[in-house]
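Engineer: sequence-free structure coming up:
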């Protein structure tokens, strides 16, 4: 379903998409002009590169890594050290520093990947987990390199100012990162269209068969791992320039987990899925964490929900419905979507009140049992609030389940019709 | 490479394989000339598939030699053996389920056409590989299913794709492990014709249960019983061999006994 256009030499649609992508990257800071807007957008660019690089492993190669932050993190540290050397006279423009991160990513991927890519599946996952813990432990043991608790900081405004670009103002950093984002996304997309990129998919699908068409699966995984390390390192380097400080947590398991979680949420089966994942990651880390103390709990719930009901992530939801739209069948099912959406909101409201009350009692009990949720006062000490919110949540859950069955019937009906219409040529 | 050795495409010399204390392959010697079509038959559990796994590098033999065009390949990795010119199919369909028919076939020939681990060339630009893929696709009669995911093909289409991937790299020696397993009689008949068409000029070894298929496909037949080749001859001679008849008639009894350990 995704290869039909591949044989056409010039593809107008693709040029359009890439131009649009460049325009969006160039234009968004003029829409979100606040300081927070620029901060969020800058971090999104970095997260997009990081999640896409992670998806070379997860989505394209079937390698479940629990230690991707090792490569972003070590890239960040080496970039920061290089930045500080510039102050001592290292003749390197600040704009090229992320490449130092990329080279660091390659170096460590060559080293660690040699061990981890020997095996696939569970063994691979366990080795990456172990390496992640190892590097994190080292980061606390070698303060000379990792800066101990305080991390390593630097000043990105050290190079000579050329054409008014000092990388002092956040907007200049944004555009530097936007350029890297565009080039990295383009390069990673290009990779999926190369012989190695395709053989990586083949290794994901059926590694044993690949051995019998002349390919050493370990080599395929190893090279892909190194490429993923390169882009991860670039993302790390950009992060170092952006924050001007790198602490040990950037190589930590929590960070690796975030890459996995958001790449999965965005959708590992489509190239653009991790782009959505990266955007969501920054929204969650920067905005949701401002909004509520229980943000990690919400994130966990959403993750579980997605794994259960939409294992292909947001990208696959989009693509499945685009397919319906292509055959003009979206209008048959949109009422169900509306119903499911409303029910999900009802569940969320009930659950959120419960969660907020629990957190309030645990953390904010000094200020009394009263709390505001969406402007509505609740009393966490009153049983009525508890019963009320449980009731709302259960009602939502019940209705959701009913509607979901209805929806599944409609969905399979539509699939059958599409199959009939296309005589089985366009199976999902 | 000595002159005599090169007379054979594939040669097995006293090949043995044990799993634990049980010897599954007990000294198999076989010599196949270029272009010959060999059918390998034998009762269930005789070691036919194990023999293929030893030749293709899936398992390393315990002792003995495998020579491909006079060069030893025993103990090598499957990808090394494939690069040396031997390709195999599998009894259980082994395609790339989430890739299209076209992609499946192209994956089968990228290495042999020299593209190896390249990530600096676009697949679209590989004119020779793409044209060869289209050719293969019409050879196995799946050109109408070009963009369908392999997982969505019917069973016999998947079997055809399996053959397509196997021959894609142009290896001169082809091993087919029960290519018609699970097919109906009429499907098998068509499929045998297809196999003959796409393997013209190649050295072919086929493990097969269906006697009709074997006798229709093979120039010579090797009978494997209990990890040994008890006969290797022309089909009509094999059919007339009393030892073969005995082995086949006795096979159910033997199976029941071996299952009892």
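Structural biologist: Thanks, I have the structure now. Quick caveat: nothing in here was measured; it's all calculated off a predicted structure.
Engineer: C-alpha from now on. contacts and neighbour counts both.
Structural biologist: OK.
Engineer: Need the nearest residue in space to residue 151, chain neighbours excluded.
Structural biologist: All of this is about chain A. residue A:247 (4.0 Å; Cα to Cα, 6 or more residues apart in numbering or on different chains).
Engineer: My question was about chain B, not that one.
Structural biologist: With Cα to Cα, 6+ apart, the residue lying closest to residue B:151 is residue B:97, at 4.4 Å.
Engineer: Roughly how far does the one you found sit from residue A:117?
Structural biologist: 23 Å (Cα to Cα, to the nearest Å).
Engineer: So those two - more neighbours on which side?
Structural biologist: residue A:117 (25 against 18; other Cα atoms under 10 Å in any protein chain shown).
Engineer: Hmm, residue A:124 and the more buried one touching each other?
Structural biologist: Yes. If you go by Cα atoms under 8 Å, residue A:117 and residue A:124 touch, sitting 6.4 Å apart.
Engineer: what do those two both touch?
Structural biologist: Counting by Cα atoms under 8 Å, 6 or more residues apart in numbering or on different chains, residue A:117 and residue A:124 have no shared contacts at all.
Engineer: helix/strand/coil for residue B:28?
Structural biologist: The three-state label given to residue B:28 by DSSP: H, G, I helix; E, B strand; the rest coil is strand.
Engineer: And the pLDDT for residue B:126?
Structural biologist: Looking at residue B:126, its pLDDT stands at 94.
Engineer: Buried ones in stretch A:283-297, by neighbour count?
Structural biologist: A:283, A:284, A:288, A:294, A:295 (16 or more other Cα atoms under 10 Å in any protein chain shown).
Engineer: Let me know the average pLDDT across it.
Structural biologist: Stretch A:283-297 comes out at a mean pLDDT of 87.
Engineer: Name the residues that touch that stretch?
Structural biologist: Outside stretch A:283-297, the residues touching it (Cα under 8 Å, 6+ apart) are A:40, A:299, A:355, A:356, A:359.
Engineer: Including distance to residue A:204, neighbour count and secondary structure, could these go into JSON lines?
Structural biologist: What follows is the contacts of stretch A:283-297, written out as JSON lines (distance: Cα to Cα, whole Å; neighbours: other Cα atoms under 10 Å in any protein chain shown; DSSP: H, G, I helix; E, B strand; the rest coil):
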{"residue": "A:40", "distance to residue A:204": "34", "neighbour count": "20", "secondary structure": "helix"}
{"residue": "A:299", "distance to residue A:204": "28", "neighbour count": "17", "secondary structure": "helix"}
{"residue": "A:355", "distance to residue A:204": "39", "neighbour count": "17", "secondary structure": "helix"}
{"residue": "A:356", "distance to residue A:204": "42", "neighbour count": "19", "secondary structure": "helix"}
{"residue": "A:359", "distance to residue A:204": "42", "neighbour count": "16", "secondary structure": "helix"}
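Engineer: burial of residue B:172, as a residue count?
Structural biologist: Around residue B:172 sit 20 other residues, with neighbours defined as other Cα under 10 Å.
Engineer: on that earlier part again, out of the buried residues of stretch A:283-297, which two sit at the greatest distance?
Structural biologist: The span of those, defined through Cα to Cα, is set by A:283 and A:294 at 14.7 Å.
Engineer: okay, residue 230: pLDDT?
Structural biologist: You didn't say which chain, so I picked chain A. pLDDT, residue A:230: 98.
Engineer: Hmm, no, I was thinking of chain B.
Structural biologist: pLDDT for residue B:230: 91.
Engineer: Please report how far the residue nearest the centre of chain B lies from residue A:17.
Structural biologist: When Cα atoms, centre = their mean is applied to chain B, the residue found nearest the centroid is residue B:175 (1.8 Å). Relative to residue A:17, residue B:175 is positioned 46 Å away (Cα to Cα).
Engineer: same deal with residue B:144?
Structural biologist: Per Cα to Cα, residue B:144 is found 29 Å from residue A:17.
Engineer: Same check on residue B:236?
Structural biologist: 66 Å.
Engineer: cool, and residue A:122?
Structural biologist: To residue A:17, residue A:122 is 37 Å away according to Cα to Cα.
Engineer: Find the nearest non-adjacent residue to the residue of chain A found nearest chain B, please.
Structural biologist: Nearest to chain B in chain A, going by Cα to the nearest Cα, is residue A:214, at a distance of 4.2 Å. Nearest non-adjacent residue to residue A:214, counting by Cα to Cα, 6+ apart: residue B:79, 4.2 Å away.
Engineer: from what I can see that neighbour touches residue A:208, true?
Structural biologist: No. Using Cα under 8 Å, residue B:79 makes no contact with residue A:208, being 10.0 Å away.
Engineer: neighbour-wise, which of these two wins?
Structural biologist: Shown here are residue B:79 and residue A:208; by other Cα under 10 Å, residue B:79 has more neighbours (25 against 19).
Engineer: Please state the offset of the helix or strand that one falls within from the chain centre?
Structural biologist: For residue B:79, the enclosing helix or strand under DSSP states H and E is helix B:78-83. Helix B:78-83 sits 14 Å away from the centroid of its parent chain (Cα atoms, centre = their mean, to the nearest Å).
Engineer: who does that helix touch, helix- and strand-wise?
Structural biologist: In terms of contacts (3 or more Cα pairs under 8 Å, 6 or more residues apart in numbering or on different chains; DSSP states H and E), helix B:78-83 is packed against helix B:48-56.
Engineer: Let me know the next secondary structure element after the helix it packs on.
Structural biologist: Using DSSP H and E, the next helix or strand after helix B:48-56 towards the C-terminus is strand B:63-68.
Engineer: what is the rounded mean pLDDT of the helix or strand harbouring residue A:111?
Structural biologist: Assessed by DSSP H and E, residue A:111 sits inside helix A:97-116. Mean per-residue pLDDT for helix A:97-116: 96.
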